[in-house]
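Chemist: Just to be clear, the model below is a prediction. Sequence and coordinates:
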Amino acid sequence: MKISIGGYSFNNTMNEGKMDTFGYLESSKYRYGLDTVDLWNGTFDKARQDIFTLPDEAYIRKLREAIDEKGMKVVNIAVDGAHLWDADQDRRKMLYGNAVAYMRIADTLGASSVRIDTGDKSSEPETEEQVDYNISKFLELSKLAADLGMMVGPENHMGSAKNPHYLKKIAEGVNHPNFGILLHMGRWSADEEIGDSLVAPWVYHTHFDGKTVASGKGEQLVRTLFDAGYDGYWGIEYNAPGNQYLEMEWAIASAKRVLAAANQPKA
């Protein structure tokens, strides 16, 4: 099965000083038997102290060497500190510069896709100016993504982006083959029952969390994407409170169980 572990899944272990990005690679490859890398830039050098500070080029080169040495594939990089919308114009300019820089970093790391958020928690409620700005900037990023051979787009992560109608509006406005949506399944602030199906045509990557794999809704959420033709990776983003190595074993097994059940013919 096409499984990956989102880097945020070990955030508590990293905060305890027991893991870094290189340890995450070791664990994904040798503890869990995966050849996939599903990075979060919050684990990168310097970014853990200041998410808005770009990592050193030397660090990124070392990270690429470690990925190549293990024969792993970077399926996604989830980027914080580079969301597009902010009420302050100068800050918007800085954030967009970070977004472009992370596109280049993703290219260096050989990533297939990059998650850039539409805004932060303060982006709700949406405004016409916000919508127009996101469409314009995501179109620019999508053209860059096409040049680099990858996908780019937001996640239903926070703020306005947790409204599926908003993300659908952005996707239809951008209307570019290299734009897509990273779907955190079932994570909506409005119309939760139809949220996943509304954005399914644009999904390029997914996140399972502990709630999704443990609930009875997981199978139906997966079927929704299968029905839309989704054939990408199933990322597990589950930052358990403790015992994270063991909890990840449970999450992977549970996700596989949900995927297997959803892939069976309907009765």
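Modeler: Thanks, I have the structure now.

Chemist: Strands of the stretch 1-150 of the chain, start to end?
Modeler: Assigned by DSSP state E, counting those that start in this stretch, the stretch 1-150 of the chain shows strands spanning 3-5, 36-40, 73-79, 113-116.

Chemist: so where is the stretch 1-150 of the chain shaky, pLDDT-wise?
Modeler: Scanning the stretch 1-150 of the chain for pLDDT under 70 picks out 46-48.

Chemist: Indicate which one of the strands of the stretch 1-150 of the chain is closest to Glu192.
Modeler: Proximity to Glu192, assessed across these by CB to CB, is greatest for strand 113-116 (20.6 Å). Any C-beta I mention is one placed from the backbone N, CA and C, and that applies to glycine too.

Chemist: Can you list the strands that the closest one pairs with?
Modeler: Paired neighbours of strand 113-116 in the sheet (DSSP bridges): strand 73-79 (parallel), strand 151-153 (parallel).

Chemist: Rounded mean pLDDT for the shortest one, please.
Modeler: Right, strand 151-153. Average pLDDT, strand 151-153: 98.

Chemist: Give me the contact list for it.
Modeler: 103, 112-116, 138, 141-142, 144-145, 171, 178-182, 202, 204-205 (CB atoms under 8 Å, 6 or more residues apart in numbering).

Chemist: what's the offset of it from the middle of its chain?
Modeler: Between the centre of strand 151-153 and the centre of its chain there are 10 Å (CA atoms, centre = their mean, to the nearest Å).

Chemist: can you give me the helices in the stretch 101-250 of the chain?
Modeler: In the stretch 101-250 of the chain, the helices defined using DSSP state H, counting those that start in this stretch lie at 128-148, 164-174, 192-199, 210-214, 218-227, 244-262.

Chemist: among the ones you listed, where is the model least confident on average?
Modeler: helix 210-214 (a mean of 83).

Chemist: Quick check: buried residues in that one?
Modeler: Judged by neighbour count using 16 or more other CB atoms under 10 Å, the buried positions of helix 210-214 are 210, 212-213.

Chemist: So what pairs up with the residue most central in space within the chain in the strands?
Modeler: Centroid check for the chain by CA atoms, centre = their mean gives Ala78 as the closest residue, at 4.3 Å. Ala78 forms beta bridges with Trp40, Arg115, as assigned by DSSP bridges.

Chemist: next one: stretch 141-153 to chain centre, how far?
Modeler: With CA atoms, centre = their mean, you get 15 Å for stretch 141-153.
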